[in-house]
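Chemist: predicted model and sequence below, questions to follow.
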Amino acid sequence: MAVARRSSLVVSCLVIVAVTALLPAASSSAAQQPPSDPPAATLATDAEREAFLSSARIVRARPAAKGVTNTVRVTLSDGTVTHDASVQTVDESKAVFEGTRGTELGFKDSWRFNVAAYRIDRLLGLGMIPTTVERRYEGRIGSFTWWVDDVLMDEQQRYRGKRRAPNTEDWNQQMWTTRLFDQLIANADRNLGNLLIDRGWNIWMIDHSRAFRMNTTPRSPDNLSKVERTLLDRLRRLDREALRQAAGAHLTGGEIDALLARRDYIVSHFEKGGASLVFDRPFRCC
């Protein structure tokens, strides 16, 4: 009987070993590592970012590091995505303004121009201004602009540090387009601090609250160096109705008419200059 029980026990142990051998072996390294986090949610399109900027909850606010128009940096969250935005609520008009650049008549400094500049940028297919929407902040209407990710430096820092872009031709083309756009929208306050450079050496234009002046010709025509071929064609086809639909809620009829007059000058300038002033470069959007 004792021999039989020992034989039975041996058989049972062999069965257990055999069954265990059939089970998949657990990796000791996998057992020690926590499961990876799911990929962070991102908002890739203008429509997605506009919806986020318009409705996401403000969870933090603090003054922006730079700027003279009381710009506020806010952190927004919709429960899935968290991202920062730049907020401006400035909306001032003065018959006469004494600034660092001299006396200006009919002075305006308004958040509305940030929204208008963004929409005209998209109308022309540039993709060089971060997504911007109209939204109320602390009882005042203002502009909420998507905070640019992966900023390497601004143009002031690049210039002072004497840093060169890795691709000189691409950099020059971006700068030509930036200068042309500023002449088109009559930006009276472009400075090196509101041109941001991301890690891909893409230029981002921010802060256009002092644009859309009433001059009908560019203030600095020497900045009209070269133009991208597709942009020139879109400028030719730009009309009052397209501008009204894109930015009419944030520009007056007179401001639109002045922009179209400047457009006429810009197009004529490049058409007279011929093919040597035209280059080809894919834009980042549209």
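Modeler: Structure received.
Chemist: does Phe52 belong to a helix, a strand or coil?
Modeler: Secondary structure, DSSP: H, G, I helix; E, B strand; the rest coil: Phe52 is helix.
Chemist: could you measure from it over to Val267?
Modeler: The spacing between Phe52 and Val267, counted by CB to CB, to the nearest Å, is 36 Å. Using the backbone N, CA and C atoms, a C-beta is placed for each residue, glycine as well.
Chemist: who has more neighbours out of these two?
Modeler: Between Phe52 and Val267, Phe52 has the larger neighbour count (other CB atoms under 10 Å), namely 22 against 16.
Chemist: spit out the contact partners of that one.
Modeler: Applying CB atoms under 8 Å, 6 or more residues apart in numbering to Phe52 gives the contacts Leu43, Leu76, Asp78, Val81, His83.
Chemist: can you give me the helices in the stretch 101-250 of the chain?
Modeler: Ranges of helices within the stretch 101-250 of the chain are 112-123, 155-160, 168-184, 229-237, 240-247, based on DSSP state H, counting those that start in this stretch.
Chemist: can you name every helix or strand that the next helix or strand after the last one contacts?
Modeler: What it means is helix 240-247. Counting by DSSP states H and E, the next helix or strand C-terminal to helix 240-247 is helix 253-273. Packing partners of helix 253-273 (3 or more CB pairs under 8 Å, 6 or more residues apart in numbering; DSSP states H and E): helix 168-184, helix 229-237, helix 240-247.
Chemist: mean pLDDT, mean neighbour count and distance to Arg199 for those helices - can I get that in CSV?
Modeler: Shown next, in CSV, are the helices and strands packed on helix 253-273 (pLDDT from 0 to 100; neighbours: other CB atoms under 10 Å; distance: least, CB to CB, whole Å):
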stretch, mean pLDDT, mean neighbour count, distance to Arg199
helix 168-184, 98, 19, 14
helix 229-237, 98, 15, 25
helix 240-247, 98, 16, 30
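Chemist: any chance of those in JSON lines, plus distance to Val151?
Modeler: Formatted as JSON lines, these follow (distance: least, CB to CB, whole Å):
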{"stretch": "helix 168-184", "distance to Val151": "15"}
{"stretch": "helix 229-237", "distance to Val151": "25"}
{"stretch": "helix 240-247", "distance to Val151": "26"}
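Chemist: nearest to Gly254, out of the ones you listed?
Modeler: helix 240-247 (11.7 Å; CB to CB).
Chemist: tell me how far the closest one lies from the chain's centre.
Modeler: 21 Å (CA atoms, centre = their mean, to the nearest Å).
Chemist: before we move on, what about stretch 252-267?
Modeler: 24 Å.
Chemist: what separation do you get for Leu196 and Asp233?
Modeler: Going from Leu196 to Asp233 by CB to CB gives 28 Å.
Chemist: and if you look at Val278?
Modeler: Distance of Val278 to Asp233, computed by CB to CB: 10 Å.
Chemist: tell me where the model's unsure across the chain.
Modeler: Along the chain, segments meeting pLDDT under 70 span 1-41, 66-69, 286.
Chemist: for the most centrally placed residue in it, which non-adjacent residue is closest in space?
Modeler: In the chain, the centroid-proximal residue (CA atoms, centre = their mean) is Pro130; its distance is 2.0 Å. Distance criterion CB to CB, 6 or more residues apart in numbering; nearest residue to Pro130, sequence neighbours excluded, is Trp146 at 4.2 Å.
Chemist: wait, isn't that neighbour in contact with Asp46?
Modeler: No - using CB atoms under 8 Å, Trp146 makes no contact with Asp46, being 9.1 Å away.
Chemist: mind listing the shared neighbours of these two?
Modeler: Counting by CB under 8 Å, 6+ apart, the shared contacts of Trp146 and Asp46 are Thr131.
Chemist: looking at these two, which is more packed in?
Modeler: A count of neighbours by other CB under 10 Å puts Trp146 above the other of Trp146 and Asp46, at 24 against 18.
Chemist: what sits against the more buried one?
Modeler: Residues near Trp146 by CB under 8 Å, 6+ apart: Arg49, Leu53, His83, Ala85, Pro130, Thr131, Thr132.
Chemist: same question for Thr216.
Modeler: Thr216 makes contact with Ala258, Ala261, Arg262, Tyr265 under the criterion CB under 8 Å, 6+ apart.
Chemist: show me which of those residues is closest to Pro221.
Modeler: The nearest member of the contacts of Thr216 to Pro221, counting by CB to CB, is Tyr265 at 7.6 Å.
Chemist: what is the neighbour count of the nearest residue to the closest one once chain neighbours are set aside?
Modeler: Leaving aside its sequence neighbours, Tyr265 sits nearest to Thr217 (CB to CB, 6+ apart; 5.1 Å). Thr217 sits with 13 neighbouring residues when counted by other CB under 10 Å.
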